[in-house]
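Enquirer: no sequence on this one, just coordinates:
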């Protein structure tokens, strides 16, 4: 029989041992696959107080006008046993009332009493969060520890498989492998367009397996939202041992290890909790959402904050594996910093000027221009990807009549950028997409803002002059 017709022993839940219970529940979490823990059967096992859970129930009922146990299970991601106890308390206190009974004990429809609506409105004014029940910080820390990104390592075959399709020097690939296994942050530096960002992003493929990500955390009765559908990709479901006998805690979502990228928009404020006064709860900063995965800081040195200030923000987390965050109430608390960080920059580490920070980096890897053979590989790849026809004559023209006279290095970004202009022009003219001398010259002029007739460029091979006036960007 459902407990909603029975008196609830005691006034409020005994939460003195909540942290111990929370830790015990996740002793079986596997470091590689990160399966979810057993669903809590009691209020104490949720790691939350009865009053906190009632706030979520009351707000759910207020939003829907009426609610049911089944709807509460779906919204709050809690089991019938837990919700039954919370609802029973609310019915006894005349905050909720039963308006319909179905054929079984869980088919019960509920609505707030007048007093309950007043209380729910007060809850909603303080915090509008009414989603999946948060998990406790103690439980979160234990799960992060057991599925830590520091458990990973890579071998040469695995690394080459992860970087398949990218044209990278063999020596640089081996340096990346060593950087990965060092467990320390890494920085890729070199000229713009050399492929640093592509290398940093590809590091995410070196983080296999899945992790458990909570929808939200409860910290000092405040809600911090962690799960972000733009970042966390749900992983295919796996059958956990004993899952048939022990339902999983669906306040957690199994996800692929996250890969988060911040660029020139990054500020110091973005690395702190973001409180929204209108909603009354917090969004976790990007490096917290990346826990258990990869965080790429792209274009370091281009942010609106001084590089030294930005880098100094990371020194303590790198050293201690923990970060300090502050609620708008002034309460400070410690969070796990379990994220592998990669930087990319157009500046050398010396130019960024923070020796104390760069001592903490495992590797500083230079990514420069390609040689002609590697550049040809990139050119051929982009032609195939974009569906542009070309020839050896056109490629030789690009190298010897455009790059060399202009002194332009063979950077990995140029073939794709130039061929996209060729393709766009062909579509406009309703012609086949063909990269020849003329179309490459027009693309070059447009891309590099070349003004004039380019008299410094020699005519095509075997000719004494250009056959027609050249088109230039105008």
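Expert: Perfect, I can see it now. Every value quoted in this text rests on a predicted model; they were computed, and no experiment measured them.
Enquirer: What's the per-residue pLDDT of residue 69 here?
Expert: Looking at residue 69, its pLDDT reads 87.
Enquirer: now do residue 12
Expert: 34.
Enquirer: again, but for residue 142
Expert: Model confidence at residue 142 (pLDDT) stands at 93.
Enquirer: That one sits in which helix or strand?
Expert: helix 137-146 (DSSP states H and E).
Enquirer: and what of residue 378?
Expert: Per DSSP H and E, residue 378 falls inside helix 372-386.
Enquirer: quick check: mean pLDDT across that helix?
Expert: 96.
Enquirer: Packing partners of that helix?
Expert: Here helix 372-386 touches strand 389-390, helix 414-429, going by 3 or more C-beta pairs under 8 Å, 6 or more residues apart in numbering; DSSP states H and E. For the C-beta atoms, the positions are set from N, CA and C on the backbone; glycine is no exception.
Enquirer: what's the closest of the ones you listed to residue 137?
Expert: helix 414-429 (45.2 Å; C-beta to C-beta).
Enquirer: Just the angle for the closest one relative to helix 372-386, thanks.
Expert: Angle, helix 414-429 to helix 372-386, by axes from the mean of the first three to the mean of the last three C-alpha atoms, to 10 degrees: 40 degrees.
Enquirer: Give me the residues contacting helix 414-429.
Expert: 193, 375, 378-379, 381-383, 385-388, 398, 408, 432-435, 439-440, 442-444, 446-447 (C-beta atoms under 8 Å, 6 or more residues apart in numbering).
Enquirer: Quick check: next helix or strand after the one helix or strand residue 70 maps to?
Expert: Using DSSP H and E, residue 70 maps to helix 69-76. Going down the chain from helix 69-76, the next helix or strand is helix 80-92, by DSSP H and E.
Enquirer: if we can go back for a sec, toward the C-terminus, what is the element adjacent to the helix holding residue 142?
Expert: By DSSP H and E, the next helix or strand past helix 137-146 is helix 156-162.
Enquirer: Buried residues in that next one, which are they?
Expert: Buried residues in helix 156-162, counting neighbours by 16 or more other C-beta atoms under 10 Å, are found at 159, 162.
Enquirer: again with stretch 91-101
Expert: Buried-residue list, stretch 91-101, by 16+ other C-beta under 10 Å: 91, 95, 96.
Enquirer: Adding distance to residue 283 and pLDDT, write these out as TSV.
Expert: Shown next, in TSV, are these (distance: C-beta to C-beta, whole Å; pLDDT from 0 to 100):
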residue	distance to residue 283	pLDDT
91	34	91
95	30	93
96	30	90
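Enquirer: how close does residue 166 get to residue 374?
Expert: Using C-beta to C-beta, to the nearest Å, residue 166 is found at 11 Å from residue 374.
Enquirer: no no, residue 324
Expert: Computed as C-beta to C-beta, the residue 324 to residue 374 distance reads 45 Å.
Enquirer: helices and strands of this protein: which one bottoms out on pLDDT?
Expert: Lowest mean confidence among the helices and strands of the chain (mean pLDDT, DSSP states H and E): helix 18-25, at a mean of 35.
Enquirer: Could you point out the helix or strand that follows that helix?
Expert: Next along from helix 18-25, by DSSP H and E: helix 50-64.
Enquirer: So which elements touch that next one?
Expert: Judged by 3+ C-beta pairs under 8 Å, 6+ apart, helix 50-64 is in contact with strand 67-68, helix 69-76, helix 80-92, strand 96-101, strand 108-112, helix 114-126.
Enquirer: repeat that with 10 Å
Expert: Here helix 50-64 touches strand 67-68, helix 69-76, helix 80-92, strand 96-101, strand 108-112, helix 114-126, strand 222-225, going by 3 or more C-beta pairs under 10 Å, 6 or more residues apart in numbering; DSSP states H and E.
Enquirer: now the fourth one, how far from the centre of its chain.
Expert: So that's strand 96-101. Its chain's C-alpha centre and that of strand 96-101 lie 42 Å apart, by C-alpha atoms, centre = their mean, to the nearest Å.
Enquirer: Ok, the last one next?
Expert: Averaged C-alpha coordinates place strand 222-225 at 18 Å from its chain's average position (C-alpha atoms, centre = their mean).
Enquirer: pLDDT (mean, whole number) over that strand?
Expert: 97.
Enquirer: Name the residues that touch it?
Expert: 52, 55-56, 126-134, 137, 140, 214-218, 273-276, 279-285, 288-289, 325, 327-329, 331, 333, 335 (C-beta atoms under 10 Å, 6 or more residues apart in numbering).
Enquirer: and if we set it to 6 Å?
Expert: 129, 134, 216, 217, 281, 282, 283, 284, 327 (C-beta atoms under 6 Å, 6 or more residues apart in numbering).
Enquirer: Residue 273 versus the first one, what's the distance?
Expert: In this case it means residue 129. 14 Å.
Enquirer: Could you check which of these two has the larger neighbour count?
Expert: residue 129 (24 against 20; other C-beta atoms under 10 Å).
Enquirer: Verify the contact between the more buried one and residue 281 for me.
Expert: Yes. Between residue 129 and residue 281 there is a contact at 4.4 Å, judged by C-beta atoms under 6 Å.
Enquirer: Name the residues that touch the helix holding residue 70?
Expert: In contact with helix 69-76 (C-beta under 6 Å, 6+ apart) are residues 56, 60, 83, 106, 108, 133.
Enquirer: Could you check how many residues crowd around the second one?
Expert: Spelled out, that is residue 60. Residue 60 has 19 nearby residues by other C-beta under 10 Å.
Enquirer: Ok, the first one next?
Expert: The number of residues packed around residue 56, counting by other C-beta under 10 Å, is 25.
Enquirer: now the one 5 residues further on
Expert: Using other C-beta under 10 Å, residue 61 has 25 neighbouring residues.
Enquirer: Now it: closest residue in space, sequence neighbours ignored.
Expert: Nearest non-adjacent residue to residue 61, counting by C-beta to C-beta, 6 or more residues apart in numbering: residue 67, 4.5 Å away.
Enquirer: How about residue 387?
Expert: Take residue 387 and drop its neighbours on the chain: the residue closest to it by C-beta to C-beta, 6+ apart is residue 433, 5.9 Å away.
Enquirer: Now that that neighbour has come up, it's in contact with residue 388, right?
Expert: Yes. Under the criterion of C-beta under 6 Å, residue 433 lies in contact with residue 388, with a separation of 4.5 Å.
Enquirer: out of those two, which sits in the busier spot?
Expert: For the pair residue 433 and residue 388, the greater number of neighbours falls to residue 388 (22 against 18), based on other C-beta under 10 Å.
Enquirer: Pull up the gap between the more buried one and residue 427, please.
Expert: Separation of residue 388 from residue 427 (C-beta to C-beta): 11 Å.
Enquirer: Poorly predicted segments of the protein, please.
Expert: The chain contains residues with pLDDT under 70 at 1-36, 102-105, 237-246, 353-354, 452-474.
Enquirer: cutoff 50 now
Expert: Applying pLDDT under 50 to the chain picks out residues 1-35, 239-243, 455-456, 460-463, 466-474.
Enquirer: Return the distance of the helix holding residue 142 from the chain's centre.
Expert: Chain-centre distance of helix 137-146: 19 Å, with C-alpha atoms, centre = their mean.
Enquirer: List phi and psi for the nearest residue to residue 127 once chain neighbours are set aside.
Expert: Counting by C-beta to C-beta, 6+ apart, residue 280 is the residue found nearest to residue 127 once chain neighbours are left out, at 3.5 Å. Main-chain dihedrals, residue 280, degrees, to the nearest 10: phi 80, psi 10.
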